[in-house]
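1. I would like the atomic coordinates for the input below:
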Amino acid sequence: MTRRISWVGNSLKDLQKFPEAVQSQITFALEIAARGEAADTAKPMKGLGAGVFEIAIRYRTDAYRAVYAVRFGPDIYVLHAFQKKSKTGIKTPQREIDLIKDRLKRLKEKLR
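-> Residues are numbered from 1 along each chain as shown. Predicted coordinates for the structure are as follows:
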């Protein structure tokens, strides 16, 4: 059984701004997640609880991310897609974390 992929906030518009090769890789990873599996590029996102994953793609000299949730309803919910431009090394910028947390909170409230 394949779950539907749903987009939260501007996550789809943000993904569409990425290079086509990155869009394809992220979409492929989401399709794998929709089948109940995990892509090699996906890992649990620390600090956001069980069922929230991050897809990490390196493309040329840039880093792209998509964060999705699998445990909060019948769908796969893409919470955020962004180009990582961290000034603090490998750490995800706090503004991105805050946006993901806010969208996750709203999603949970909506699904109650």
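
2. got the contact list for the spatially most central residue of the chain?
-> The residue at the geometric middle of the chain, judged as the C-alpha nearest the mean C-alpha position with Cα atoms, centre = their mean, is Val67 (1.6 Å). Residues touching Val67, when contacts are defined by Cβ atoms under 8 Å, 6 or more residues apart in numbering, comprise Met45, Leu48, Val52, Phe53, Glu54, Ile55, Val78, Leu79, His80, Ala81, Ile100. All C-beta atoms are positioned from the backbone trio N, CA, C, and that covers glycine.

3. name the SS class of the closest residue to Met45 other than its chain neighbours, please.
-> For Met45, the nearest residue in space outside its immediate sequence neighbours is Glu54; the separation is 4.3 Å by Cβ to Cβ, 6 or more residues apart in numbering. Using DSSP: H, G, I helix; E, B strand; the rest coil, the secondary structure recorded for Glu54 is strand.

4. neighbours of Glu54, how many?
-> Neighbour count for Glu54, taken as other Cβ atoms under 10 Å: 19.

5. who touches it in this structure?
-> With Cβ under 8 Å, 6+ apart as the criterion, the residues that contact Glu54 are Ala42, Lys43, Pro44, Met45, Arg65, Ala66, Val67.

6. where does Gln83 land in three-state SS?
-> Classification of Gln83 by three-state DSSP places it in strand.

7. what helix or strand is the closest residue to it other than its chain neighbours on?
-> Nearest non-adjacent residue to Gln83, counting by Cβ to Cβ, 6+ apart: Tyr64, 5.5 Å away. In this assignment (DSSP states H and E), Tyr64 forms part of strand 62-69.

8. so Ala50 versus Ala69, what's the distance?
-> Ala50 sits 10 Å away from Ala69, taking Cβ to Cβ, to the nearest Å as the criterion.
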